[in-house]
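[1] Coordinates for the following, if possible.
(chains A and B)
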Amino acid sequence: MKIDSIGNWRRTHHTVDVKPELDGQEVTLFGWVQEIRDLGGIRFIILQDREGTVQITVPRKKVSGEVLSKSDALQKRFSIGVKGTVQKTEITPRGVEVIPKEIKIFSTASPQLPMDITGKVPANLEVRLDARALDLCREENIAVFKIQHAAVEAIRSFLFEKGFIEVHTPRIIASATEGGAALFPVNYFETKAFLAQSPQLYKEQLVMSLEKVFEIGPFFRAEESHTRRHLSEFVSIDIEQAFATAEDVMQLLEQLMQHACKVVKEKCRRELATLKHRLEVPEVPFKRLTYTKVLEDLKNEGVEIPWGEDIPTPAFRTLGKVHPYFYFITDWPTHSKAFYIKPRDDNPELCEGFDLMWRWIELSSGGTRIASKELLIERLKEKGLNPESFKHHLQTFDYGMPPHAGWAIGLERLTMMLTGKRNIREVTLYPRDRFRLTP
RNA sequence: GCCCUGGUAGUAUAGUCCGGUCUAGUAUAAGCGGCUGUCGCCCGCUGGACCCGGGUUCAAAUCCCGGCCAGGGCGCCA
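    As a prediction, the model looks like this:
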């Protein structure tokens, strides 16, 4: 097979921009062969690019021998270029097709692909993830990641607008003593280091200089989790704000969620249609349920949980049926939250931490942080952690730590909500979990 | 880590309960041939599979045991 070079060809249009109004005009299209329907005297080639598809029609007797022999050689997933004339027609659903004058074949593909990319025979997630690069060529997956992109863009611009500065904190950290989630160890020259599980302590330190910061980046959790909402490597959207309380950042969060849903709904109509997903733009303010109220709601549903205990997953599923969209859970027992969450002044048994739930899934959690060094040391000890291990963090409290609050959103979980996907690995390009490290 | 369910051509499935015409069916994909308006094109032909190991039995895709892998659930998740 002779492989063509791109030469001086440059794309003039994406497939979706080939419209009946261009009738008679010459276009240069780049993309991949999605499907070929050969009727003998006429051949239809569906050309796909990231924006969609268009039909290339090859009438055997009306094209050059060169075009005919090129189109004879085509197979699914060949990367090609087509220079041709747009033809308005009533026969195709899109009302338009392209008659090729010249075809370039840039690369071939194996004839037997590991899965059906046209959607006639669906493949299992395992098969799809094993051939993820090919799986990602499917329109449905392109839609998922375009939606994620639109959401991230909306979130960034929203936070910029609100005066947040984008920062980048270390992924490689020295200490494994934060407690809670397990860390992945890495070799760091002659010593041992760990992959960061969160930017928490760094973003708190940054509020004493940059005041309002956010970070979007990957973090790592070495948990044994085997569920459809956990990953070993996930993307966190973190903010931290000086001179603010939990209520302030909850308001920011609910506005942000509303904004992101609105932008995705407007900008990604086609993608949502591809996914057959109806996205509702939520009203603000979101419901605010206290932990105690949640226990009451659960009791009404026949699920009894003693005050102070963690809420198990099946109870969250029940709760998600009672409150089927966004809601906050506030006023958690202090002992159930991280050491840096501020206990309430009027009742230290409760804290100013909150979770943002979507149905039964925790989308985000945050709270007012402790700004007093003494209290923080006390809370570390109560959690069974050694303040000595936190000395670098604790010393920053000697330099004027302001009152502050913040939260973190799991990007993949947000994407699940936006796309209607039920498994987090569907909305992750190359998921890493307890049992998968490749591709 | 625990529990449940499953593992059959490239892909998706039927068959497994109740062992025997299963020489393992179907769809789709692939290969070959035919077809000038397809859009899940159509028609004909061809090749292609019982996760691995052990056991029971005259006989195992089917029953039993072990392993590996997957899906779901639980737990873990500052």
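[2] Distance-wise, check the residue sitting furthest away from the middle of chain A relative to A:Phe44.
    Centroid-distance maximum for chain A: A:Lys61 at 48.8 Å, with CA atoms, centre = their mean. Distance from A:Lys61 to A:Phe44, counting by CB to CB, to the nearest Å: 15 Å. C-beta coordinates here come from the backbone N, C-alpha and C atoms, glycine included.
[3] same deal with A:Ser79?
    In terms of CB to CB, A:Ser79 sits 19 Å off from A:Phe44.
[4] How about A:Glu301?
    Taken as CB to CB, the span from A:Glu301 to A:Phe44 is 55 Å.
[5] Any idea how far apart the tips of stretch A:162-171 sit?
    End-to-end distance for stretch A:162-171: 26 Å, by CA to CA, to the nearest Å.
[6] Return the distance of that stretch from the chain's centre.
    With CA atoms, centre = their mean, to the nearest Å as the basis, stretch A:162-171 stands 18 Å off its chain's centre.
[7] What parts of the stretch 201-350 of chain A come near RNA strand B?
    Within the stretch 201-350 of chain A, the positions adjacent to RNA strand B are A:221, A:223-228, A:230, A:310, A:312-314, A:317, A:337-340 by CB under 7 Å from any atom of the strand.
[8] Where does the stretch 1-150 of chain A get nearest to RNA strand B, residue-wise?
    Closest residue of the stretch 1-150 of chain A to RNA strand B, CB to the nearest atom of the strand: A:Gly41 (2.2 Å).
[9] so that residue touches A:Lys61, yeah?
    Yes - in this structure, A:Gly41 is within contact of A:Lys61 by CB atoms under 8 Å, at 7.0 Å.
[10] Is it correct that A:Lys2 is in contact with A:Ile105?
    Yes - A:Lys2 lies in contact with A:Ile105 (CB under 8 Å); the separation is 7.5 Å.
[11] Of these two, which one has the most company?
    For A:Lys2 versus A:Ile105, the count of surrounding residues by other CB atoms under 10 Å is larger for A:Ile105: 19 against 6.
[12] for the record, mean pLDDT for the helix or strand in which that one is found?
    In this assignment (DSSP states H and E), A:Ile105 forms part of strand A:96-107. For strand A:96-107, the mean pLDDT works out to 97.
[13] Pull the helix or strand just after that strand out as PDB, backbone CA atoms only.
    Using DSSP H and E, the helix or strand that follows strand A:96-107 in sequence is helix A:125-130. Only the C-alpha atoms of helix A:125-130 are listed here, as PDB (Å, rounded to 0.1, in the frame of the first residue of the first chain):
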ATOM      1  CA  LEU A 125     -16.000  -2.100  29.200                       C
ATOM      2  CA  GLU A 126     -13.000  -4.400  29.700                       C
ATOM      3  CA  VAL A 127     -12.600  -4.900  26.000                       C
ATOM      4  CA  ARG A 128     -13.100  -1.300  25.300                       C
ATOM      5  CA  LEU A 129     -10.500  -0.200  27.900                       C
ATOM      6  CA  ASP A 130      -8.000  -2.700  26.600                       C
END
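[14] hmm, who's touching helix A:125-130?
    A:114-115, A:135, A:423, A:425-426, A:431, A:436, A:439 (CB atoms under 8 Å, 6 or more residues apart in numbering).
[15] looking only at pLDDT, what's the mean for that helix?
    Rounded mean pLDDT across helix A:125-130 is 95.
[16] And that helix, what's buried?
    For helix A:125-130, burial by neighbour count (16 or more other CB atoms under 10 Å) applies to A:128-130.
[17] So is that helix next to RNA strand B?
    Yes - with CB under 7 Å from any atom of the strand as the criterion, RNA strand B is reached by helix A:125-130 at A:125-127, A:129.
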